[in-house]
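Peer 1: Coordinates for the following, if possible.
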Amino acid sequence: MLKMRLALLRARLREKGLDGLLVSLPANRRYLSGYAPDDAQWGESSGWLFISAYEAVLLTDFRYELTARAQAPLYRVAVHRRGLVNELKPLLEASRVRRLGFEPEAMLVEHYERLARELGPAVELVPVHNLTGPLRALKDKQELRYIKDSLGLMEQVLREVISDGVVGKTERELALSIVRAVEDAGAEGPAFAPIVASGPNGAEPHAEPGDRVIAAGEPVIFDVGARLAGYCSDISRTVVAGGLAEADDRFREVYATVRKAQLKAIAEIKPGLSGARADALGREVIAEAGYGKHFGHSLGHGVGLATHEAPSVGPNSSEVLRPGMVITVEPGIYLEGWGGVRLEEMVVITETGCQLLNKLDDFYELP
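Peer 2: Model (predicted):
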């Protein structure tokens with residue numbers, strides 16, 4: 001698997017006229033090598049991959065040496081003791097690298113300037129956008145198994161948290177209980193900080209859980225995910241605190257509209273559609289119901305080693321859906337002063353359409 005990924009990447013390097021690539025984005029690093037440590041903070045890296053036509057080197061420091069050797073068997077591990085550049089320069093010279101690609105989205109300007117200064121005019125640093133992303137977008141069978149397992153774990157946790165009831169609890173309390181339950185269930189941890197947004201807070205799609213106490217009859221958005229074997233899940237549900245009997249007419253109308261948009265998109269998404277056309281499948285339903293201006297984010301996005309990766313499924317996306325891509329379908333409506341509804345499922349694009357990956361079928365049945 002890793003050998004195939006390296007071969008595909010090297011083919012892309014040849015297409016771009018690059019002699020080598022410096023990989024610093026943690027998800028790309030893991031995808032290409034199996035090396036799992038994340039970066040602790042901005043400006044601090046747990047390792048860099050240098051890949052050329054004949055070289056595959058993982059450059060790291062003493063803290064990660066044993067992990068690197070164990071997790072990246074296809075790579076020669078080079079431990080830099082006097083900084084990355086001092087270890088990198090002889091590698092570039094030996095590989096006769098004149099044009100070195102780098103990932104601009106994962107390199108600080110400070111690091112770029114230092115590399116350019118110390119490598120000098122003999123090496124041209126070339127920003128390469130989205131070189132590995134298209135490879136990661138197409139999931140193989142093992143990746144799909146990991147994603148399904150991660151999603152199944154997250155669905156079980158979410159089911160238990162919701163079934164315990166939410167009335168009288170704070171958003172923060174529920175979010176913390178989700179984090180603990182995900183880890184107790186065997187995941188590496190949450191894929192992202194859980195979103196629990198109740199009442200008017202739900203009008204902000206990415207509201208941070210606070211100390212607001214949830215009252216009966218309020219809509220509550222849960223947007224949660226787990227990370228298992230490196231792979232992420234992403235699921236959203238909106239519930240009425242205290243049960244559907246407590247819901248007002250506005251909730252029933254908004255919820256039914258969002259669910260209708262989601263079902264239509266899932267039924268009609270297929271390979272060959274652009275991300276923009278797939279987005280329109282759900283957006284048109286919401287617009288026809290009069291809520292178009294209240295759906296401000298994309299219909300979905302790719303999920304894999306990151307919770308947001310290629311392909312984009314939004315109104316400005318020209319990316320074409322292909323079999324093997326895993327995306328979310330998550331329409332939403334957000335009304336300031338009242339709250340919101342978001343429903344999110346995960347699907348894999350097939351040869352003829354898309355296949356639902358979720359098993360948690362807990363949606364309200366509304367006319």
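
Peer 1: Can you pull up the most central residue in this structure?
Peer 2: Nearest residue to the geometric centre of the chain (C-alpha atoms, centre = their mean): Thr307, 1.4 Å.

Peer 1: So that one sits against Cys232, correct?
Peer 2: Yes - using C-beta atoms under 8 Å, Thr307 and Cys232 qualify as a contacting pair, with a distance of 4.7 Å. Just so you know, the C-beta spots here come from the backbone N, C-alpha and C atoms, and that holds for glycine as well.

Peer 1: For these two, list the residues in contact with both.
Peer 2: Common neighbours of Thr307 and Cys232, using C-beta atoms under 8 Å, 6 or more residues apart in numbering, are 191-192, 225.

Peer 1: so which of these comes closest to Val161?
Peer 2: Closest approach to Val161 among the shared contacts of Thr307 and Cys232 (C-beta to C-beta): Gly225, at 13.6 Å.

Peer 1: Identify the residue nearest the closest one in space, chain neighbours excluded?
Peer 2: Setting aside the residues directly before and after it, Gly225 is nearest to Ala191 in space (C-beta to C-beta, 6 or more residues apart in numbering), at 3.4 Å.

Peer 1: how many neighbours does the one you found have?
Peer 2: The burial count assigned to Ala191 is 23, neighbours taken as other C-beta atoms under 10 Å.

Peer 1: residues contacting it?
Peer 2: Counting by C-beta under 8 Å, 6+ apart, the residues that Ala191 touches are 150, 225-227, 232-234, 307.

Peer 1: a markdown table for the residues you listed, including pLDDT, secondary structure and distance to Tyr112?
Peer 2: Output for the contacts of Ala191, formatted as a markdown table (pLDDT from 0 to 100; DSSP: H, G, I helix; E, B strand; the rest coil; distance: C-beta to C-beta, whole Å):
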| residue | pLDDT | secondary structure | distance to Tyr112 |
| --- | --- | --- | --- |
| Ser150 | 98 | helix | 34 |
| Gly225 | 98 | coil | 32 |
| Ala226 | 98 | strand | 34 |
| Arg227 | 98 | strand | 29 |
| Cys232 | 98 | strand | 28 |
| Ser233 | 98 | coil | 34 |
| Asp234 | 98 | coil | 32 |
| Thr307 | 97 | coil | 26 |
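
Peer 1: And the helices in the chain, which stretches?
Peer 2: Ranges of helices within the chain are 2-16, 26-33, 65-71, 84-94, 109-119, 133-137, 141-163, 171-184, 249-268, 275-288, based on DSSP state H.

Peer 1: out of those helices, which comes closest to Asn358?
Peer 2: Taking C-beta to C-beta, helix 141-163 is the member of the helices of the chain nearest to Asn358, at 6.5 Å.
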